[in-house]
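Visitor: the amino acid sequence is not available; the structure is as follows:
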């Protein structure tokens, strides 16, 4: 079955520390992968996306993600977290020819001052 | 920038009421979506529309209907609201399938049914 797993429900990091949010997917076709961020009370904003090519993709707000086909993973990273990064992060997958996305259940990030 | 607006940020309705949630986009996108977001469940697709008057059921359409009379507007209708429909509702848009695939989201409507 197609699925997206975000194994960490909550993550807490100190401001200035590095961050890695995990995302694993199970998908029969070539995946198109996304990371979205949702600030409290807001809709989702696209951070970055991977369709093909270079497996390390850069996004907004200093985020990057690496696609590893062998591990079926698309982990999100940031070298130095800012207090404003506190939010919920969603990984999502789709593929060519379909409108349907599969979203993970989200990881809520807390940043300590 | 794509702008997706939703008619209400917060809504409180009584059980049995008919509820309308409106979504309007200003970027001429063909595809529009309604999702429901619940803690621990992520986003679940309720309905999808790829053109005016065209719709497809998503994963959880029961208890909901939709209307798309104009390209820019996509309405979600709860025919008879129930307490288990208390949730955050998110509208999204995208270009046609086969294009960029990314979705653009509205700010959400938090609906409480009492």
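Guide: All right, it came through fine. No experiment lies behind these values; they were computed from the predicted model shown. Numbers count the residues shown, from 1 in each chain, chains lettered A, B, ... in the order given.
Visitor: dump the residue contacts of residue A:67.
Guide: Counting by C-beta atoms under 8 Å, 6 or more residues apart in numbering or on different chains, residue A:67 makes contact with A:33, A:50, A:55-57, A:73-74. The C-beta positions use only the backbone N, C-alpha and C, and glycine is treated the same way.
Visitor: hmm, try it at 10 Å
Guide: Residue A:67 makes contact with A:23, A:25, A:31, A:33, A:50-57, A:73-75, according to C-beta atoms under 10 Å, 6 or more residues apart in numbering or on different chains.
Visitor: tell me the pLDDT of the closest residue to chain B within chain A.
Guide: Closest residue of chain A to chain B, C-beta to the nearest C-beta: residue A:43 (3.5 Å). At residue A:43, the model reports a pLDDT of 88.
Visitor: that one and residue B:91 touch, don't they?
Guide: Yes - if you go by C-beta atoms under 10 Å, residue A:43 and residue B:91 touch, sitting 8.1 Å apart.
Visitor: shared neighbours of these two, anything?
Guide: In contact with both residue A:43 and residue B:91: B:4, B:6, B:35, B:103-108, using C-beta under 10 Å, 6+ apart.
Visitor: what's the closest non-adjacent residue to residue B:73?
Guide: residue B:24 (5.2 Å; C-beta to C-beta, 6 or more residues apart in numbering or on different chains).
Visitor: repeat for residue A:55
Guide: In space, residue A:55 is closest to residue A:67, 4.4 Å off (C-beta to C-beta, 6+ apart).
Visitor: got it, and residue B:103?
Guide: That would be residue B:92: by C-beta to C-beta, 6+ apart, it lies 4.3 Å from residue B:103.
Visitor: so the one you found is in which element?
Guide: Using DSSP states H and E, residue B:92 maps to strand B:87-94.
Visitor: what about that strand, distance to the chain center?
Guide: 5 Å (C-alpha atoms, centre = their mean, to the nearest Å).
Visitor: is chain A within reach of the helix or strand following it?
Guide: Once strand B:87-94 ends, the next helix or strand along the chain (criterion: DSSP H and E) is strand B:104-105. Yes - applying C-beta under 10 Å from any C-beta of the partner chain, one finds strand B:104-105 touching chain A at B:104-105.
Visitor: picking up where we left off before, look up phi and psi at the residue nearest to residue A:55.
Guide: phi -90, psi 120 (degrees, to the nearest 10).
Visitor: same check, this time on residue B:83
Guide: According to degrees, to the nearest 10, residue B:83 has phi -60, psi -30.
Visitor: follow-up on the earlier one: helices and strands around the helix or strand where the residue nearest to residue B:73 lies, which ones?
Guide: Using DSSP H and E, residue B:24 maps to strand B:19-25. Judged by 3 or more C-beta pairs under 10 Å, 6 or more residues apart in numbering or on different chains; DSSP states H and E, strand B:19-25 is in contact with strand B:4-6, strand B:10-13, strand B:31-38, strand B:64-70, strand B:73-78, strand B:87-94, strand B:109-113.
Visitor: dump those strands to a markdown table, plus mean pLDDT, mean neighbour count and distance to residue A:107.
Guide: As requested, the helices and strands packed on strand B:19-25 are arranged in a markdown table below (pLDDT from 0 to 100; neighbours: other C-beta atoms under 10 Å in any protein chain shown; distance: least, C-beta to C-beta, whole Å):
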| stretch | mean pLDDT | mean neighbour count | distance to residue A:107 |
| --- | --- | --- | --- |
| strand B:4-6 | 94 | 18 | 24 |
| strand B:10-13 | 96 | 14 | 25 |
| strand B:31-38 | 95 | 23 | 14 |
| strand B:64-70 | 96 | 16 | 28 |
| strand B:73-78 | 97 | 20 | 27 |
| strand B:87-94 | 95 | 24 | 17 |
| strand B:109-113 | 97 | 18 | 21 |
